[in-house]
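K.L.:
what shape does this take:
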Amino acid sequence: MTRSFNTPAKMIIRSEWDKQLIKFIKDKLRAKTIYLGLPSPEAEDIIEWIDYIDEVIAFQCRDYPHPSSPDQSREVINQLEKKLSELERKGYLSNFSVYDGYIEEVILKGKDNSNIEFCQNEIITIYNLDFCNNITSPLKIIDTQGEVKEVYKFDAVEKLLRFQKDINKKSKKFLFFLTIHCGYKGKELKDFISEHGNAQISDYHRELEKLSKPIHKNSRFLKSYIIDALKNYFIVHGFIPDFFPTILYKGIGGQHLLHFTVIGTSQIGRTGPANCFQNMLDLIKQKFLTINSGRIELLTVNNIDEIDISNNPIEIFNSSKSYNKFWKDDKQNVR
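P.N.:
Next comes the predicted model:
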């Protein structure tokens, strides 16, 4: 049975936000672009961005959200392979791979459920990790020793960035999208809120407790946690993160989702962790963007002091320190 997570809001984000940045990346790098992500069997995101994608690395589980089993039908995997094969045959793609299983399962086991080894030999240009469920929810898998093990989506994110770091190229620049359900389970977020060492951020978290609507409060706590976690993963692997405003929108069944956007830039010549040029407090205090009447707009909530931000992603990045220092006149853009 075909699965689709399309909603009007999702299509607007994909075409009017993500696509602008993907075109920007393609134009700046002037090189082959490789997409790694979790498309639906109909590959709506790939089709929307096809003018700017050369190769695809896709992950497709058989029976979402149930654990993988060889007894499950391969229908959705075959459907995605057929769609990508059609794009390749028409000359839109030069190559593609479809891995059988959840991304955290395949990445952490090193092979998919059809025993195909995961392999990354080139720089990924576009990550589209469209999880649409809780970032802190573990997945039970059977590891290579036959043992049941719990793995987390952030484990896969960290390993993907490690793979990217280990590719033997000096200049590494990429776009990273992460979409998650606006809810959370587990102690990681609670620990982050209660134990954060930055006094100003702790003050901001206390301000959030004044918000009466759970979605307003929970979405901001979660945004703060995700930005902090991603920042740490990026810099430890040598990538300067540039965060864009987070988009809060409604998905299938009216569930609230968060869409994060980060541009990663390798800091050539630096040993140890990369810099982060953005101020963490300013990032988490930015207003959300949201979809209203078919447009991407700022979301203003009373009773909390938040920072206005542009809804033009290219304008935001062009004014950044990373762009002016590493992108604007970089002769290494051509790989």
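K.L.:
distance from the helix or strand hosting Thr265 to the middle of the chain?
P.N.:
Assigned by DSSP states H and E, Thr265 belongs to strand 256-266. Remark: strand 256-266 is offset 5 Å from the chain centroid, using Cα atoms, centre = their mean, to the nearest Å.
K.L.:
what's the mean pLDDT across it?
P.N.:
Strand 256-266 shows a mean pLDDT of 97.
K.L.:
got the phi and psi for Phe244?
P.N.:
phi -100, psi 170 (degrees, to the nearest 10).
K.L.:
quick one, helices of the stretch 151-300 of the chain?
P.N.:
Assigned by DSSP state H, counting those that start in this stretch, the stretch 151-300 of the chain shows helices spanning 153-166, 188-195, 199-208, 214-236, 280-284.
K.L.:
list the contacts of Cys61.
P.N.:
Residues near Cys61 by Cβ atoms under 8 Å, 6 or more residues apart in numbering: Ser68, Val76, Gly101, Tyr102, Glu105. Every C-beta, even on glycine, is put in place using the N, C-alpha and C of the backbone.
K.L.:
what's the burial count for Asn218?
P.N.:
17 (other Cβ atoms under 10 Å).
K.L.:
any idea how far it is from His256?
P.N.:
9 Å (Cβ to Cβ, to the nearest Å).
K.L.:
same check on Asp329?
P.N.:
In this view, Asp329 and His256 are 41 Å apart by Cβ to Cβ.
K.L.:
give the other helices and strands that the strand holding Thr265 contacts.
P.N.:
For strand 256-266, the contact count by 3 or more Cβ pairs under 8 Å, 6 or more residues apart in numbering; DSSP states H and E identifies helix 19-29, helix 153-166, strand 173-181, helix 214-236, strand 239-243, strand 247-250 as packing neighbours.
K.L.:
returning to what we had before: more neighbours: Asp329 and His256, which one.
P.N.:
His256 (17 against 8).
K.L.:
check contacts around the nearest residue to that one once chain neighbours are set aside.
P.N.:
Leaving aside its chain neighbours, His256 sits nearest to Cys182 (3.8 Å; criterion: Cβ to Cβ, 6 or more residues apart in numbering). If a contact means Cβ under 8 Å, 6+ apart, then Cys182 has Ile215, Asn218, Ser219, Leu222, Leu248, Gln255, His256, Leu257, Leu258 as its contacts.
K.L.:
most widely separated two among these?
P.N.:
Distance extremes for the contacts of Cys182: the farthest pair is Leu222 and Gln255 at 13.4 Å, using Cβ to Cβ.
K.L.:
more neighbours, these two?
P.N.:
It is Leu222, of Leu222 and Gln255, that has more neighbours when counted by other Cβ under 10 Å, with 24 against 14.
K.L.:
much appreciated, bye for now.
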